[in-house]
Every structure is written in C-alpha cells, then in structure tokens.
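[1] build me a structure from this.
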Amino acid sequence: MRILHTSDWHLGRRFEQEPLEADQRRALEWLVDLVAAERVDLVVVAGDVYDRALPAEEAVTLLDDALDALVGAGATVLLVPGNHDSARRLGFGAGRQALGGVRVVADTRVKPEPWVFEAGTERVAVVAVPFLDPLTAPAPTPAADGSPRPRTHQHVLEDALAAGRAGLAGLAGVPSIAVAHAFVAGGMSSDSEKLLAVGGADVVDAAVFDGFDYVALGHLHRPQTVGAGGRIAYSGSLLPYSFSEDHGKSVRLLEVSGGAVTDVTDVPIPVGRPVVTLEGRLDDLLVDPACEPFVDAWVAVRLTDDTVQVQPMERLRGRFPHAVNVRYAPSRAGSPGTPSFEAARVEARAPDALVLDFLEEVRGRPPGEPERALVVDAVARAVAARTVGGEP
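    Residues are numbered from 1 along each chain as shown. Predicted structure coming up:
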C-alpha cells in the first residue's frame, strides 16, 4: 500500500497580492501525475485546503478539479480542515463525497474513531482529527482530581487522540496513522502561518502522538520531522507563500507492507516559483550576472542606495518580472551596507514620525504644519481602524 502525505494547499491564496491560481493548478496537476505514476492508494491532505474560510469560486473549482483527478488516478482522498478552513463548508456533503472516494473528516463535535483503509492485502487504521479551536471545541475532560483543564490546543487534541487511540485496541497488528493540523513544539515556522491561538495556547507537545506508527501533520510550511525517529512529520505547503519560505517543497510517500510502515520518502515538488530576497544598489542589481538565476523567481529587494531612486519597482520588473516587494536598507556614508540606524530604534518610533521623516527625505524639506497635521490625523485613523478591525 502507498500513502501520500500532503498539506497546506491554501487554494485561493495570493503572493503579495499576485494571483497564484495558475501556479497552484500546475502543482496539483503534478501531484495527480505522481499519484498515477507511483500507484498511490491513499492521499492524505492534513488541513488548510483553502486559504480562507469563505473561499473564492476559483478556489472551489480548483479543489473540485483536483479531487476528481486524484480519484481518477486511482487514489482515495482523505481531507481534514485546518485553521484557515471552515470545517462546516469543507465538510458539506461529506457522506456523499465518501461514496465517490473522497473522505472529509470535518465534524469537530464527533470523537474521532479509527477508519480502516484497505488496499490489496494491506490495512491501515487512520485516526483523523479536524483542526480544533480550543475556544469552540468541546471542553477538555477534567483532570484526574476533577479540576477543569484549560482550553488549550494541547488539551482538546489530547482528548480527541485519546478517543481515537481507544478504538485501536481491537485492531492489533494493523499500523496506525494520526492526521492532525497543529503546531508541535520543536517545529520551525514561517511568516505565512497564522497563529492557531494566542498566548502560547497553540503549542502541542509531541508526546500527544505517542502510540501511532506515523503522524501526518499540517500547519507548518517547511517540510520537517519533529522529535526522534522521523515518525512525526510535516509535509509542508504545496508552494512557497512568503519570502521566509526559501526552502524546497515536497510531499511524503509512505510504503505500508507486511503490516507496518516500512519506508517514507520525501518527493521534491519541481513546479512553483522560488522566492529570493536581493540586497544592493538598484543599478547594480539591474546588471549583476549573479542575479540571473532569479529572473523568474518571486523577488523582494532591499535597496542600499543612499538616495531615493526613481520608479525602482518599474525598473526592477524590467529584469525581474515577478518583483513584488521593494524597501530601502539605508547605509551610512563611507560604510556601504551598514544600517544608518538600528531596526529596534525604528520600531520604537511613532508611526506618524516615521511618515514625516520619509516625506522630508523624499521632498528635501520638512513638512509644513498643515501637512504634519494631515499626517498625524491619517495615521491615527489608520491605527484606530486596524485596532477595531483586527487583522489589517
């Protein structure tokens, strides 16, 4: 039996406001080809199928096409929602979808039970847990002394896995796989991942997965294993979704033989645009041969020019068509590459003061009093709107 572990497709996402639908479609087509070539029996998608709870129509169509193609390639598909997904929307029609080879485990009110999947002479017991918001999931069971346990992701996930683990008792000799969407302690995160909870309540100890032969995780976008033995693993996201994701992307292929998980292989994803952050003077970046490998990448630029450049983005896109982010990294005169002030000092300053400094640098004169008043008022309104609205 062959099982493919993937996660964090984030269908419908944009990269710095640039659409990713074509890139995601190519990545999913590659995934379907891999499933067919490797004769994969079961595809496990460990959450964050969509990028938002209310996905765009294009994202829904993309998922629909991908699921049809994966089933057409000979695989059964198992999905759980992640923290980006709406469990109710993703789980709509789950019973009917199961008849067509797509199993969606999305009901957070039901205690997980092992699902025995069979292919050929092999069987595997899968305990799939949808993402559980500690504030809305069933309250954690009381501690041994009867006292209530705090609502943390650790506690609600412990309870769910304990229920699933209890169902494994009658399946001796059948290898077990847990599927979850969680931030396991020791994992390396990226800039594009949302917190699962606040105040550290999102972190889960690897020990909650004790007893499972393999743990297929989603949430962290870097392919990695957590803890010893490589048993607990993140497949990582389908594509890079931030400039911090300058690592390779992959999926994991599991082999089940003789009643055990006998082999796990990381399969690199060869499609998708890489990301790179370039730093230097604008004129140098436009001609430097060392930058040639990055002309088709998503590019962020940190300019070290001592003066503000004219239309830097337009000029950069003449060489790097997918440049999406340009900022200045000022340097002291006579000391190229050395920051003119520490980042900590910048962060400590008031936002309106930074805007006024920028205006003075660009225009070569201090803003007048009417201009200062406009800036102070505009920044105050923006801060108030962000505070009321939450995420900008």
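[2] from here on, just use CA atoms for contacts and neighbour counts.
    Noted.
[3] relative to residue 382, how far out is residue 374?
    Distance, residue 374 to residue 382, using CA to CA, to the nearest Å: 12 Å.
[4] ramachandran angles for residue 186?
    The phi and psi values for residue 186, taken as degrees, to the nearest 10, are phi 100, psi -10.
[5] spatially, what comes nearest to it if we skip its sequence neighbours?
    Nearest non-adjacent residue to residue 186, counting by CA to CA, 6 or more residues apart in numbering: residue 226, 6.3 Å away.
[6] in the sheet, who's paired with the one you found?
    Beta-bridge pairing for residue 226 (DSSP bridges): residue 232.
[7] mind checking pLDDT for it?
    Residue 226 is assigned 94 on the pLDDT scale.
[8] burial count for it?
    17 (other CA atoms under 10 Å).
[9] can I see the domain layout of this protein?
    The record's domain parsing of the chain by automatic domain parsing lists 2-268, 274-340, 349-392.
[10] just the ones you listed: most buried one?
    The highest average neighbour count among the domains of the chain, using mean count of other CA atoms under 10 Å, belongs to domain 2-268 at a mean of 19.
[11] that one: how far from the chain's middle?
    Domain 2-268 sits 12 Å away from the centroid of its parent chain (CA atoms, centre = their mean, to the nearest Å).
[12] end to end on it, go ahead and measure it.
    Start-to-end span of domain 2-268 (CA to CA) is 17 Å.
[13] now stretch 238-250
    End-to-end distance of stretch 238-250 (CA to CA): 7 Å.
[14] and if you look at stretch 130-139?
    16 Å.
[15] tell me the pLDDT at residue 337?
    41.
[16] using PDB, write down the CA coordinates of whichever strand or helix holds residue 66.
    Using DSSP states H and E, residue 66 sits within helix 57-72. Once non-C-alpha atoms are left out, helix 57-72 reads as follows in PDB (Å, rounded to 0.1, in the frame of the first residue of the first chain):
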ATOM      1  CA  GLU A  57     -15.200  30.500  -6.600                       C
ATOM      2  CA  GLU A  58     -12.000  29.900  -8.500                       C
ATOM      3  CA  ALA A  59     -10.500  28.100  -5.400                       C
ATOM      4  CA  VAL A  60     -13.600  25.900  -5.100                       C
ATOM      5  CA  THR A  61     -13.400  24.900  -8.800                       C
ATOM      6  CA  LEU A  62      -9.700  24.200  -8.400                       C
ATOM      7  CA  LEU A  63     -10.300  21.800  -5.500                       C
ATOM      8  CA  ASP A  64     -13.200  20.200  -7.300                       C
ATOM      9  CA  ASP A  65     -11.000  19.500 -10.400                       C
ATOM     10  CA  ALA A  66      -8.100  18.200  -8.200                       C
ATOM     11  CA  LEU A  67     -10.200  15.800  -6.300                       C
ATOM     12  CA  ASP A  68     -11.800  14.400  -9.400                       C
ATOM     13  CA  ALA A  69      -8.400  14.000 -11.000                       C
ATOM     14  CA  LEU A  70      -6.900  12.300  -7.900                       C
ATOM     15  CA  VAL A  71      -9.700   9.800  -7.700                       C
ATOM     16  CA  GLY A  72      -9.500   9.300 -11.400                       C
END
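[17] so for that helix, mean pLDDT?
    Mean pLDDT, helix 57-72: 97.
[18] contacts for that helix next, please.
    With contact meaning CA atoms under 8 Å, 6 or more residues apart in numbering, helix 57-72 is reached by 11-12, 21, 25, 28-29, 32, 35, 50, 76-77, 100-102.
[19] any weak-confidence spans in the stretch 101-250 of the chain?
    Residues of the stretch 101-250 of the chain meeting the criterion pLDDT under 70: 195-201.
[20] quick one: the strands in it, in order.
    Using DSSP state E, counting those that start in this stretch, the strands assigned to the stretch 101-250 of the chain run over residues 102-104, 115-119, 122-128, 176-181, 183-184, 203-204, 214-218, 224-226, 232-234, 250-257.
[21] helices and strands around the third one, which ones?
    Strand 122-128 is packed against strand 115-119, helix 153-166, strand 176-181, with contacts defined by 3 or more CA pairs under 8 Å, 6 or more residues apart in numbering; DSSP states H and E.
[22] direction included, what does that strand pair against?
    Applying DSSP bridges, you get strand 115-119 (antiparallel), strand 176-181 (parallel) as the partners of strand 122-128.
[23] for the first one, C-alpha coordinates in PDB please.
    These are the backbone C-alpha positions of strand 115-119, laid out as PDB (Å, rounded to 0.1, in the frame of the first residue of the first chain):
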ATOM      1  CA  TRP A 115     -11.000   4.400   9.900                       C
ATOM      2  CA  VAL A 116      -9.600   1.200   8.500                       C
ATOM      3  CA  PHE A 117      -8.400   1.700   4.900                       C
ATOM      4  CA  GLU A 118      -7.700  -1.400   2.800                       C
ATOM      5  CA  ALA A 119      -5.600  -1.800  -0.400                       C
END
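[24] quick one: that strand to strand 250-257, angle?
    If you take axes from the mean of the first three to the mean of the last three CA atoms, to 10 degrees, strand 115-119 sits at 80 degrees to strand 250-257.
[25] strand 115-119 to helix 153-166, inter-axis angle?
    Interaxial angle of strand 115-119 relative to helix 153-166 (the same axes, to 10 degrees): 60 degrees.
[26] please tell me how far the most centrally placed residue in the chain sits from residue 251.
    Central residue of the chain (CA atoms, centre = their mean): residue 221, 4.4 Å from the mean position. From residue 221 across to residue 251, the span is 11 Å (CA to CA).
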